[in-house]
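Trainee: everything below, folded, please.
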Amino acid sequence: MPFDPGIGWATLAALVAAAFAAGWVDAIVGGGGLIQLPALLIGLPASASVPTISGTNKVPSACGTASAALTYLGSLGVRWSSVVPLVVCSAIGSASGARLTHLLDRNQFTPIVLAVILLVGVYTWRRPELGLASHVRFTGRAATLRLCGIGLAVGLWDGFIGPGTGTFFLILLVGVLGYEFLAATTLAKFANLTTNLAAVGLFAAGGNIWWSVALPMAVGNLAGGIIGSRTAVSRGNSFVRRVFLVVVAALALKLGWDTVAMVRGA
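Mentor: Sure thing, here's the model as predicted:
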């Protein structure tokens, strides 16, 4: 007997398992959407609308991100002077990005982002010491301005396109500000939580969340987030760096596939 029209118990169990894996990956370096969103596209019936798929996806993502943020907060602590400007500007950027979906063709940006991701991957791979220790380059007003810039840029991406948001936060916090991977991941979780909660509110208001699927997946993602963040804390920066490179490679392949599909369809 289906759990919901078109959704069997076996499919639901597979979606929960995918949410757990996504929560684990997302808690460490971001990029869990590369697992969870495709799983929903496969598992939900063809009649499910794009807003319903997106809304259902955001609920477990928000729960997993929240659990990871709290775990990092309890284990590592956080500089609220860094969190506040990053979170506020991320929310502004996300709202602005959502508006852009009605004005611009998002496909035009995919090749550009693909090139950036490839450069970041090569840059990180060729510098084994990057992110393994803290080399903070800016403090005070200079740091705040750069945190605001990162929040606006990545928030814009999250509202406009979405996949890889947590990974982009991590890239910029390590590369621009000189944070170590664990400190950058902690900040990224709070910023990503803000954009996720804003999206959940909008989708819920529009009736675009399939709660009977989203809530079981939320449990799986939450568990993955707790275990993933604890794994990152216990294994350290070098482990986070390795997972980061794997996720960047997966994101590059995904964007490359999208770019080829766009060119063929042109």
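Trainee: so how far is Leu193 from Gln36?
Mentor: Plainly put, Gln36 is 16 Å away from Leu193 if you go by CB to CB, to the nearest Å. Every residue, glycine included, has its C-beta placed from N, CA and C.
Trainee: for Ile209, same thing?
Mentor: 17 Å.
Trainee: cool, and Ala66?
Mentor: Counting by CB to CB, the gap from Ala66 to Leu193 is 6 Å.
Trainee: next one: Leu40
Mentor: According to CB to CB, Leu40 and Leu193 sit 20 Å apart.
Trainee: again, but for Val240
Mentor: 18 Å.
Trainee: Leu15: which element?
Mentor: helix 9-29 (DSSP states H and E).
Trainee: list the residues that contact Val16.
Mentor: Pro216, Met217, Val219, Gly220 (CB atoms under 8 Å, 6 or more residues apart in numbering).
Trainee: okay, buried residues for the helix holding Leu15 please.
Mentor: 11-12, 15-16, 18-29 (16 or more other CB atoms under 10 Å).
Trainee: max-length helix in the chain?
Mentor: The longest helix of the chain (DSSP state H) is helix 237-265.
Trainee: what's the angle from it to helix 9-29?
Mentor: Put simply, helix 237-265 runs at 120 degrees to helix 9-29, going by axes from the mean of the first three to the mean of the last three CA atoms, to 10 degrees.
Trainee: report the buried residues of helix 237-265.
Mentor: Using 16+ other CB under 10 Å as the test for burial, helix 237-265 gives 237, 239-241, 243-244, 247-248, 250-252, 254-255, 258-259.
Trainee: returning to that earlier point: tell me the average confidence for the helix holding Leu15?
Mentor: The pLDDT scores in helix 9-29 average 92.
Trainee: Leu12 reaches Ala214, doesn't it?
Mentor: No. At 11.0 Å, Leu12 and Ala214 do not qualify as touching, with contact defined as CB atoms under 8 Å.
Trainee: all helices of the stretch 151-266 of the chain, in order?
Mentor: Secondary structure of the stretch 151-266 of the chain by DSSP state H, counting those that start in this stretch: the helices cover 165-175, 181-205, 211-235, 237-265.
Trainee: which one, of the ones you listed, ends up nearest to Gly159?
Mentor: Nearest to Gly159, of all the helices of the stretch 151-266 of the chain, is helix 181-205, at 7.2 Å by CB to CB.
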